[in-house]
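Participant: okay, here's the prediction I keep looking at, along with the sequence it came from:
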Amino acid sequence: MFLILGTLWFIRTLKYFLFWLYLWQLKEYHVGRFLDHFDTSKGKKLIFNPLLGFKIVLAGFFLISPNSAATVLIFIYFIEAGSFLKAIYQKDFKKPVMTSKASFLMSVLFLLVIIFPIAVSKLDVLMFSFCLLIFDILLPFVVSLVVLLLQPFAVLARNSILKKAKKKMEGLKDLTVIAITGSFGKTSTKEFLKTILSKNFITLSTNKRQNSEIGIANCILNDLGTVHKIFIAEIGAYNKGKIKEVCSMLKPEIGIITGVNEQHLALFGSMDNLLSAEGGRELAKLLPKNGMLVINGDNKYALDLYKRNDVEKKIYSINRNKISSDIWTEDVDVGQRFISFVAFTKNSEIAYFKVDVLGRQNVQNILGAVLVAQKLGMSLPEIAEACKSIKQEQAGMVLKTGKHGIEIIDSSYSSNPDGAEADLDYLKVFPKKKAVIMPCLIELGPKSAEIHEKIGRKIGQIADKAIITTKERFESIKKGAMESGMAEKDIIFCENPKDIFTLISLSFTQGDAVLLEGRVPNQIIKLLLSE
């Protein structure tokens, strides 16, 4: 009995401690981001769900009829353990990426899960069962407590890594460092710039999801060498002062501010704090006197930096009439699989660009990269030629043909208010029926309802059907979409991937288009793209 119950408990508990550790890692071990997750509908279901409620009742039932309660518990753990073994076979369960920190935390938790049942096995079988159940109920708190208790050691390890990275950077004298920050467009701009500069320079950039201070430091220590002439670092932040900390290590000569919106406002606490970090103020202050700041002139928050700093500033914008830009465009054409435009500069250079990326918003990201490449000695025609090597996936949005010949626009890498609106604008180029599948956006703070209504209005203007996969701001999106004339029956809340697939299959056919916006479940993508 002890062995059977302990084994079943161990298997099912392994699943859940992997999940909770995955969630902490997903939120970058940031307490604010982790707690903010429980304001979402999915987060609330983790705490308030029927199975957990039943287990709490079952714990109380141990006081009345312990034998019956223990029997029921064995049955529950048998089902849960079997479900996890099936998930392992199908490779369909959540687990953290095996970084050194995650591996250490996993080792501690694994030992805890082994030691606990051994420690309570000295009790009689009914008390043993009760103790396992209580540990089960409290597991989210146990995992979180382990993460937080070990955080000081993680901070010490982090500071050591940052110190080593800073020392290495000080020894790389023949290196130009470019830092990119903003609420949106960072990754695409970095990818475009790397492709352009790689034509003339040995260039390294941080990896796709490597924008935290520890990720950048590890990139410096593991990948950056004396052979490199250019290092491009994308910097993300959730706290005021974080960009300053990273830039103190990097000492960038060139900075790019791609654009700012309310994304992560809930974490920063105020727009002023957000503007200090992602808004580029900290980056701008740390540029040397001979440095250069490149600013998105189409974004009001980024443009505010133009008035605040004394370093050389360059502005890019799609429409020159808005502001006196250093580079602007005319004849912008957005196709289903490309963008093209004519770029003009203040120095009277002109070049035609045709790039295999999706969406008008990438014109801005290319222009920002162009100004940096020009600063480093490349001509506009030379840059236009280099842009022909840019691949669709570098822009974070990919067009694929799915089941039934439906065009699937996969923009599931991430989402933010400006990005969602830009992707919806791209959806307009498809002439037949259009649908959008997306979760509600997170970490927007007090403006969340207003922003979701605005997105809803955009959806109502462009799409024929909207399927929203999370519930917290569904009503706001629905309100906005109906204001734009969308029928209530076409604005659907649905979180089950198979049901979503059925809805699309019944209503859409060859040549129709479906936009996957933001972090929709992977199963939806697999179902829509399956042969």
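Facilitator: Yep, it's here. Here the structure is a predicted model, which is why all the values come from computation and not from measurement.
Participant: identify the residues contacting the residue nearest the centre of the chain.
Facilitator: By C-alpha atoms, centre = their mean, the mean C-alpha position of the chain lies nearest to Ser414, the distance being 4.3 Å. Counting by C-beta atoms under 8 Å, 6 or more residues apart in numbering, Ser414 touches 396, 518-519. No exception for glycine: its C-beta is placed from N, CA and C like everyone else's.
Participant: pLDDT at it, what is it?
Facilitator: If you check Ser414, the pLDDT there is 77.
Participant: what's the answer for Val311, then?
Facilitator: Looking at Val311, the pLDDT reads 81.
Participant: ok, now which ones touch it?
Facilitator: 284, 287-289, 291-293.
Participant: of these, keep whichever come out buried.
Facilitator: 284, 287, 291-293 (16 or more other C-beta atoms under 10 Å).
Participant: list the contacts of stretch 511-524.
Facilitator: In contact with stretch 511-524 (C-beta under 8 Å, 6+ apart) are residues 402, 405-412, 414-415, 420, 423-424, 426-427, 430-439, 441, 463, 469, 495, 497-498, 500-501, 504, 508, 525, 528.
Participant: now swap in stretch 6-14 and tell me
Facilitator: 74, 77-78, 80-81, 83-85, 110, 113-114, 117, 121, 128, 132, 135-136, 139.
Participant: ditto for stretch 343-353
Facilitator: 320, 325-330, 339-342, 366-367, 370, 374, 379-381, 383-384, 387.
Participant: circling back to that earlier point, can you tell me which of the contacts of stretch 511-524 are in strands?
Facilitator: 407-411, 434-438 (DSSP state E).
Participant: max pairwise distance over those: which two?
Facilitator: Farthest apart among these by C-beta to C-beta are Glu407 and Met438. That separation is 16.5 Å.
Participant: who's more crowded, these two?
Facilitator: The neighbour comparison of Glu407 against Met438 (other C-beta atoms under 10 Å) goes to Met438, with 25 against 20.
Participant: hang on, the earlier thing: can you put the contacts of Ser414 in TSV and add neighbour count?
Facilitator: Output for those, formatted as TSV (neighbours: other C-beta atoms under 10 Å):
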residue	neighbour count
Gly396	25
Gly518	23
Arg519	16
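Participant: closest to Lys42 out of these?
Facilitator: The closest of the contacts of Ser414, once distances to Lys42 are taken by C-beta to C-beta, is Arg519, at 10.5 Å.
Participant: next one: phi and psi at that closest one?
Facilitator: When quoted as degrees, to the nearest 10, the phi and psi of Arg519 stand at phi -80, psi 70.
Participant: same thing with Gly225?
Facilitator: Here Gly225 shows phi and psi, under degrees, to the nearest 10, equal to phi -140, psi 180.
Participant: near it, how many other residues are there?
Facilitator: Using other C-beta under 10 Å: Gly225 sits among 12 other residues.
Participant: that one and Ser144: what is the separation?
Facilitator: Distance, Gly225 to Ser144, using C-beta to C-beta, to the nearest Å: 39 Å.
Participant: got it, and Gly236?
Facilitator: 23 Å.
Participant: higher neighbour count, these two?
Facilitator: Gly236 (24 against 17).
Participant: how close does that one sit to Ser476?
Facilitator: The value you get for Gly236 to Ser476, if C-beta to C-beta is used, is 26 Å.
Participant: just for the stretch 201-350 of the chain, where's the confidence low?
Facilitator: Flagging of the stretch 201-350 of the chain using pLDDT under 70 yields the residue ranges 307-309, 321-322.
Participant: having no further points to raise, I will conclude here.
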